[in-house]
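Enquirer: Task: produce atomic coordinates for the following.
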Amino acid sequence: MDRELARAVLQRWEEGLPVAETAMYKAASVLGIDPRMALEEARYYTRLDSYLLEKRAMTRPERLFFSTAAGIDPFVLVKTATAYNIGLDELILGSLQENNWVPKLANLMAPTGQDATQAGPPAAQAAMEQAQPAPQPGAPPQPGAPPQPGAVVQQQPQARFKPSPMAPEQVPPSLDGNLDSLLQGQQQVFGQGAQENGGLPAAGMPEPPPPPPTPDQRVKQVAPDMDEPTAQRYGQQLEQFEQQIGMPVADPKQMVKFVKELQKVDGKRIDQGIKAMGEQLEQQQAAELGVGQPTVPTTNGGQKPQASPKPQNPPQPQTAAPSQAVEKVASVGRLLARLHSR
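Expert: Reported below is the predicted structural model:
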C-alpha cells in the first residue's frame with residue numbers, strides 16, 4: 001500500500017464509511033502511525049457509536065469496556081452510582097463525554113486481566129476476567145487483538161453529539177453556517193404549536209428567535225443617527241462587499257470602519273460637486289458681463305478685461321467749420337467801417 005492509498009483509507013474512515021480492519025492497520029503503518037493504537041481507537045468508536053444508536057442498556061462486557069476507556073475503575077463507578085442513585089450506564093457515558101469521548105487507549109490495549117488503571121484491587125481483576133468470556137463467532141475482538149480478516153470498523157459521529165435521546169436531530173455543519181436551518185426549524189415548531197393551540201403559541205413555549213438583521217439594519221446598529229435612504233444605500237454596498245470577499249463582516253469595529261470609509265467617499269464626492277458648481281457659476285457670471293473679451297495681466301497677477309483702443313485721428317464732420325463764416329462777416333464789417341469814416 002502506497003501513501004496515497006493509505007491517506008484515502010483514513011479519509012474514508014473520517015467520512016464515516018466502513019473500513020476493513022486490515023486496511024486500517026496497513027494504512028496507519030504506511031503513514032507512520034502506531035497501527036495497534038489506530039486500530040484499537042477505530043474499534044472503540046465503532047462499538048460506542050453502535051451502542052448509542054441502538055438505544056438499549058449496556059451489557060456487562062460493554063460496561064467494563066467503556067469504563068476502561070474512560071480511565072475509571074468500573075467498581076468505583078458502581079459504588080458512585082449506588083451512592084447517588086444514578087444510572088450506571090449514564091454515569092459511564094458522562095465520564096466519557098467529559099473527555100469529549102476520547103478513550104484511554106493505553107488502558108484498552110492492556111492485556112486481559114488488568115483493570116483500567118493497571119493498579120486496581122485483585123477483586124477488580126478477577127471480576128474483569130470473569131466478565132470477559134471467551135470470544136464468540138461474530139463478537140467484537142478482544143482489546144489489543146491483531147486485525148481480524150473480514151472485520152470492519154466504522155464510526156458514526158452523529159450518534160455521539162446528539163444532546164439527548166429526545167433532542168431533535170442536529171443540523172450538519174457547513175461552510176456557510178447553519179443559522180438559516182436552525183431558524184427555519186424553530187419557526188416550524190412554533191407554527192405547529194400555534195396551530196394546535198387555536199392560533200396562539202403553546203403555554204411555556206419560547207418564542208421563535210427574531211430573523212437576522214438586514215444589511216441596512218446592521219449599518220444602523222453602528223450609525224443610529226443615519227437617515228434611512230443613506231442606510232439603505234450603505235446596506236447595498238455592504239451586501240456587495242460581503243459577496244466579493246466571501247464572508248460576512250461580523251466584527252462591530254470593522255462595520256464602523258466600513259461605514260466611515262463610505263462616508264469619506266461621500267464627502268469627497270460632495271467636495272468635488274461644490275467645486276464644479278462654483279466653476280459653473282463663474283462661467284455664467286462671465287457670460288453675463290461679456291463672453292470672449294480678451295484679458296491682460298495686471299500687476300497682482302490677475303486678469304482684467306482689456307479696454308477697446310481709442311482712434312488716434314477721429315474723423316471730422318464734413319460740414320463747414322463755424323470759424324470761417326465768422327471771419328467773412330468780420331472782414332465785411334471792417335470794410336464798411338472804413339468807408340463810413342471817409
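Enquirer: and the residue lying closest to residue 249 once chain neighbours are set aside, how many neighbours does it have?
Expert: Distance criterion CB to CB, 6 or more residues apart in numbering; nearest residue to residue 249, sequence neighbours excluded, is residue 255 at 5.6 Å. Where you see a C-beta, it was placed from the backbone N, CA and C, and this is true even at glycine. Neighbour count for residue 255, taken as other CB atoms under 10 Å: 17.
Enquirer: And residue 255, how far from residue 266?
Expert: 17 Å (CB to CB, to the nearest Å).
Enquirer: Check this protein for its longest helix and report it.
Expert: Longest helix of the chain, by residue count under DSSP state H: helix 252-290.
Enquirer: How about it, which residues are buried there?
Expert: 255, 258-259, 262 (16 or more other CB atoms under 10 Å).
Enquirer: Stretch 87-99 too?
Expert: By 16+ other CB under 10 Å, the buried positions in stretch 87-99 come out as 88-89, 91-93, 95-96.
Enquirer: now swap in stretch 146-162 and tell me
Expert: Within stretch 146-162, the residues that count as buried by 16+ other CB under 10 Å are 147-148, 151, 153, 155, 159-160.
Enquirer: And those residues, which is closest to residue 274?
Expert: For these, the closest approach to residue 274 (CB to CB) belongs to residue 160, at 65.6 Å.
Enquirer: can you give me phi and psi for that closest one?
Expert: phi -80, psi -30 (degrees, to the nearest 10).
Enquirer: so what's it up against?
Expert: 48-49, 52, 101 (CB atoms under 8 Å, 6 or more residues apart in numbering).
Enquirer: okay if I get these as JSON lines plus pLDDT, secondary structure and distance to residue 248?
Expert: Shown next, in JSON lines, are the contacts of residue 160 (pLDDT from 0 to 100; DSSP: H, G, I helix; E, B strand; the rest coil; distance: CB to CB, whole Å):
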{"residue": "48", "pLDDT": "89", "secondary structure": "helix", "distance to residue 248": "37"}
{"residue": "49", "pLDDT": "89", "secondary structure": "helix", "distance to residue 248": "34"}
{"residue": "52", "pLDDT": "87", "secondary structure": "helix", "distance to residue 248": "35"}
{"residue": "101", "pLDDT": "88", "secondary structure": "coil", "distance to residue 248": "32"}
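Enquirer: one step back: which of the buried residues of stretch 146-162 sits closest to residue 14?
Expert: residue 155 (8.3 Å).
Enquirer: Could you name the specific helix or strand carrying the residue nearest to that closest one when sequence neighbours are not counted?
Expert: Using CB to CB, 6+ apart and skipping residues adjacent in sequence, the residue nearest residue 155 is residue 45, 4.3 Å away. Residue 45 belongs to helix 35-54 when assigned by DSSP states H and E.
Enquirer: pLDDT of the helix or strand that that helix is followed by, averaged?
Expert: Tracing the chain past helix 35-54, the next element assigned as helix or strand by DSSP H and E is helix 60-70. The average pLDDT within helix 60-70 is 87.
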